[in-house]
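J.: Need a 3D model of the following:
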Amino acid sequence: MPLRLDIKRKLAQRSERVKSVDLHPTEPWILSSLYSGSVCVWNYQTQTMVKSFEVTDLPVRSAKFIARKQWVVAGADDMFIRVYNYNTMDKVKVFEAHTDYIRCVAVHPTQPFVLSSSDDMLIKLWDWDKGWVCTQIFEGHSHYVMQVTFNPKDTNTFASASLDRTIKIWSLGSPDPNFTLDGHSKGVNCVDYFTGGDRPYLITGSDDQTAKVWDYQTKSCVQTLEGHAHNVSAVCFHPELPIIITGSEDGTVRMWHSTTYRLENTLNYGLERVWALGYMKGSRRVVIGYDEGTIMIKIGREVPVASMDSSGKIIWAKHNEIQTVNIKSVGADNEIADGDRLPLAVKELGSCDLYPQSLRHNPNGRFVVVCGDGEYIIYTALAWRNRSFGSALEFVWSTDGEYAIRESTSRIKIYSKNFQERKSIRPSFSVERIFGGVLLAMCTNDFICFYDWVECRLIRRIDVNVKNLYWADSGDLVTIASDTSFYILKYNRDVVSSHLDGGGSAAEEGVEDAFELLHEINERVRTGLWVGDCFIYNNSSWRLNYCVGGEVTTLFHLDRPMYLLGYLANQSRVYLIDKQFNVVGYTLLLSLIEYKTLVMRGDFDRANDVLSSIPKEQYDSVARFLESRGMLEEALEIATDTNYRFDLAVQLGRLEIAKVIATEVQSESKWKQLGELAMSNGKLEMAEECLLHAMDLSGLLLLYSSLGDAEGINKLASVAKEQGKNNVSFLCFFMLGKLEECLQLLIESTAIVFRKQH
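T.: Numbers count the residues shown, from 1 in each chain. Next up, the predicted model:
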């Protein structure tokens, strides 16, 4: 069965002929060396060129990042190697390296070494710590040396590919090759090592239009990959996926299964001949260099294949290796802050016969299903023993341990807890996805149909495009996630049971009142899970949110893509994993969720009982939740932040409470706000007191003039004059009929202006 890996184009940039490509290990950069003589750095996130080096007028056939030095090293047809600092754009070093075109440069992963190969049939080793001196020359090829590459498992050795039709394996420190691989009928253009742990393989591409996989321990050809219609110019083993990628002058890139050697996919982007492939360990991105530009693709989803059971045991798959960790192994003595990586001891559990693309515990945690390559295997979670297997495009568990598989778009099978086939279904529509849980769900791109597990009777059809489905443990709530939003529905199982038990036949759309839409939230769910009546999820902006009663609260802003594993109630923590298999936890109090849930149900007596178990530092969060429900009085009682309590008191018109808070904080803005509110409510004595505290002279003038308070206006005139508020002072004197004081104020003000101007 095929791997079924999604391939998405992430970058397409036209340029002169691209001779080599490289990916930066930490920045979102692609390095392309061009036949025109320049080297470019593209940012694949912004789709823009960020740096360009004019190297020479002749082709630059190879360029690589040396990220630990912030350098780019390039070899060209003028026989010179040039080194640039990509931050300052300075030229670090230029030296003549060979007596003919330089075909390839390779950077040692840890040592200060660069290998270069050339049409002069030589390979040279350069040491930048020694001023780029040539420390060794490797002779043995009888034609152009097209490519050299270090062995990632033994960096003291490297391989070379030559047009003399051979591949030679060398060791640093020895001038002679360790051995030679001979099998291509024409020149060899490219070579790459397998980075996985289990096979001592390398792959080569040749002008004989084939790629060959070699075992460099037995020195034998394992497989020949045939299918290209022209020279094979670039090859690689993907570092994260079980695929071999080959590029050819026929304009195609072919993907082959690295275990079965079956052709999985053929890509043709219409940019003429393929010259280079670039990849990076830990990433699913692949860069392709063509005659007419650069393409970046992303193969599959970078979601870690992992699952956590209800006790905190996590099982994950790294390639075909299965490992396990236990969150409870991190003792209470270790105080782990929210967002910190957990120091977990990884144990080897076993291996898997297929390449895992998904892994999921069954509801009680006893079994784990691994899916991939169009097959599934059910293992015991503790001993990793194979209990059942079969062919399936998808696999889902029911809540009681049964399971269903999708064999094709037209056949679904249901199996019992004993792994025996119980029912086979042929739906009347083309099934693109299935989901498990309380009900068995089958989807097309336009609608989802829910069926009961026992009789496969239609419960309800809902017209919505479904990307994922999440059931609450109670079975009463379900989240349907689409591309742009998610819907929380209530499942009325009693209505369904009474309808079906009463002999009622389901209509074409199912049981009408089976589901009730509670909330629609306009956010995209990446991963989600239920804790009680609370739905926890991370959205497209990688914020960790939870939703209770339609009210969304942001727990944390995640600094990188992370995926939800589960929630441990006894620790009140939700756990997530990143694509490097780092596990982090965040505190989400069960008591807080329970309180909000009880409030939503209108059970305020029990909610008040739960409130005492919530830490005081969470009270403002509780108060904001109550405010969002329109329960301002209750929010004011609970809130602890003075600014927030003041705002609530003002909203409620509780002026005495607001006055006490304003007295505590002595904020002019609060006194002014309170004074205006008191004035509008007719509480003029309080308004005067507040406006005096706020020194709001304009407000006091309005108040005193409205009351006809001559004494107040007289006091205000003096205060305003002292503070230089001459406009207020003038109005006060004018209202009191004190024209002499008005004139004197005007003379003084004019004199001040005159002095400033002259």
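J.: and residue 147, how many neighbours?
T.: Neighbours of residue 147 under the rule other C-beta atoms under 10 Å: 25. C-beta: built from backbone N, CA, C; applies to glycine.
J.: what's near enough to touch it?
T.: Contact analysis of residue 147 by C-beta atoms under 8 Å, 6 or more residues apart in numbering lists 103, 104, 117, 160, 161, 189, 190, 191.
J.: Please repeat the previous calculation with a cut-off of 6 Å.
T.: By C-beta atoms under 6 Å, 6 or more residues apart in numbering, residue 147 lies in contact with 104, 161, 190, 191.
J.: Okay, buried residues for the helix or strand harbouring the second one please.
T.: It stands for residue 161. Using DSSP states H and E, the element containing residue 161 is strand 154-162. For strand 154-162, the neighbour count (16 or more other C-beta atoms under 10 Å) marks 157, 158, 159, 160, 161, 162 as buried.
J.: what does stretch 606-618 contact?
T.: 591, 592, 594, 595, 598, 599.
J.: hmm, 7 Å instead?
T.: Stretch 606-618 is contacted from outside by 589, 591, 592, 594, 595, 598, 599, 622, 640, using C-beta atoms under 7 Å, 6 or more residues apart in numbering.
J.: now swap in stretch 491-508 and tell me
T.: 438, 457, 458, 459, 475, 476, 478, 511, 513, 514, 515, 516.
J.: ok so, going back, can you give me how far whichever helix or strand comes after the strand holding residue 161 is from the chain middle?
T.: Downstream of strand 154-162, the first helix or strand assigned by DSSP H and E is strand 166-171. Relative to the centre of its chain, strand 166-171 is centred 41 Å away, using C-alpha atoms, centre = their mean, to the nearest Å.
J.: roughly how far apart are the residue nearest to residue 168 when sequence neighbours are not counted and residue 158?
T.: Sequence neighbours aside, residue 177 is the residue nearest to residue 168 in space, at 4.1 Å (criterion: C-beta to C-beta, 6 or more residues apart in numbering). Note on residue 177: its distance to residue 158, by C-beta to C-beta, to the nearest Å, is 10 Å.
J.: Overlap of the contact sets of the two?
T.: residue 170.
J.: coming back round to it: show me how to select, in ChimeraX, the buried members of the contacts of stretch 491-508.
T.: In ChimeraX syntax, the buried subset of these is picked out as below (16+ other C-beta under 10 Å):
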select :438,458,459,478,511,514,515
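J.: which one among the contacts of stretch 491-508 gets closest to residue 410?
T.: residue 458 (16.8 Å; C-beta to C-beta).
J.: Just read off the phi/psi values of the closest one.
T.: phi -70, psi 120 (degrees, to the nearest 10).
J.: Pretty sure it sits against residue 449.
T.: Yes: assessed by C-beta atoms under 7 Å, residue 458 is found in contact with residue 449 at 6.1 Å.
J.: can you name the two of the buried residues of strand 154-162 that are farthest apart?
T.: Across those (C-beta to C-beta), the longest gap, 16.7 Å, separates 157 and 162.
J.: Adjacent strands (with direction) for the host helix or strand of residue 149?
T.: For residue 149, the element it lies in under DSSP H and E is strand 145-151. Applying DSSP bridges to the sheet, strand 145-151 is found paired with strand 154-162 (antiparallel).
J.: what's in contact with the partner strand?
T.: Against strand 154-162 from outside (C-beta under 7 Å, 6+ apart): 108-110, 115, 117, 123, 141, 143-151, 167-172, 188-191, 193, 202, 204.
J.: Equivalent analysis for stretch 625-642, please.
T.: Residues outside stretch 625-642 that contact it (C-beta under 7 Å, 6+ apart) are 551, 596, 599, 616, 619-620, 622-623, 645, 648-649, 651-652, 661, 664-665.
J.: Filter those down to the buried ones and hand me the ChimeraX line.
T.: Filtering the contacts of stretch 625-642 down to the buried ones (16+ other C-beta under 10 Å) takes a single ChimeraX command:
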select :551,596,599,619,620,622,623,645,648,649,661
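J.: Show me the residue at the heart of the chain, geometrically.
T.: residue 561 (2.4 Å; C-alpha atoms, centre = their mean).
J.: quick one: the nearest residue to it once chain neighbours are set aside from residue 560, how far?
T.: Leaving out its chain neighbours, the residue that sits closest to residue 561 by C-beta to C-beta, 6+ apart is residue 542, at 5.9 Å. Per C-beta to C-beta, residue 542 is found 7 Å from residue 560.
J.: who's more crowded, these two?
T.: The residue with more neighbours, out of residue 542 and residue 560, is residue 542; 14 against 10, by other C-beta under 10 Å.
J.: and that one, what does it touch?
T.: The contact partners of residue 542, taken as C-beta under 7 Å, 6+ apart, are 558, 561, 562.
J.: from the residues you listed, which is closest to residue 13?
T.: Of the contacts of residue 542, the one sitting nearest to residue 13 (C-beta to C-beta) turns out to be residue 561, at 24.6 Å.
J.: SS state for that closest one?
T.: When classified by DSSP: H, G, I helix; E, B strand; the rest coil, residue 561 comes out as coil.
J.: before we move on, back to that, just the buried residues of strand 154-162 now: which is nearest residue 183?
T.: The closest of the buried residues of strand 154-162 to residue 183 turns out to be residue 161 (C-beta to C-beta; 12.1 Å).
J.: Okay, and the beta partners of the closest one?
T.: Beta-bridge partners, per DSSP bridges, of residue 161: residue 147, residue 167.
J.: quick one on the thing from earlier: of the contacts of stretch 606-618, which count as buried by neighbour count?
T.: Members of those classed as buried by 16+ other C-beta under 10 Å are 592, 594, 595, 598, 599, 622.
J.: ranges for the strands of the stretch 1-150 of the chain?
T.: In the stretch 1-150 of the chain, the strands defined using DSSP state E, counting those that start in this stretch lie at 7-14, 18-23, 29-34, 38-43, 48-54, 60-66, 71-76, 80-85, 91-96, 102-107, 113-118, 123-127, 133-138, 145-151.
J.: any idea which element residue 624 lies in?
T.: Residue 624 is part of helix 619-628 when elements are defined by DSSP H and E.
J.: Quick check: what element follows that helix along the chain?
T.: Counting by DSSP H and E, the next helix or strand C-terminal to helix 619-628 is helix 632-638.
J.: follow-up on the earlier one: residue 533 versus the residue nearest to the centre of the chain, what's the distance?
T.: Taking C-beta to C-beta, one finds residue 561 at 27 Å from residue 533.
J.: next one: residue 399
T.: Remark: distance between residue 399 and residue 533 (C-beta to C-beta) = 17 Å.
J.: between the two, who's got more neighbours?
T.: A count of neighbours by other C-beta under 10 Å puts residue 533 above the other of residue 399 and residue 533, at 21 against 16.
J.: hang on, isn't that one packed against residue 477?
T.: Yes: the pair residue 533 / residue 477 is scored as a contact, 6.3 Å apart, by C-beta under 7 Å.
J.: neighbours around residue 412, how many?
T.: When neighbours are defined as other C-beta under 10 Å, residue 412 has 24 of them.
J.: now do the one 10 residues further on
T.: By other C-beta under 10 Å, the residues close to residue 422 number 16.
J.: list the buried ones in stretch 483-499?
T.: Buried-residue list, stretch 483-499, by 16+ other C-beta under 10 Å: 486, 487, 488, 489, 491, 492, 496, 499.
J.: contacts for stretch 544-564?
T.: Here stretch 544-564 makes contact (C-beta under 7 Å, 6+ apart) with 303-304, 338-339, 518-519, 521, 527-529, 533-539, 542-543, 574, 576-579, 584, 586, 588, 593, 596-597, 600, 625, 628.
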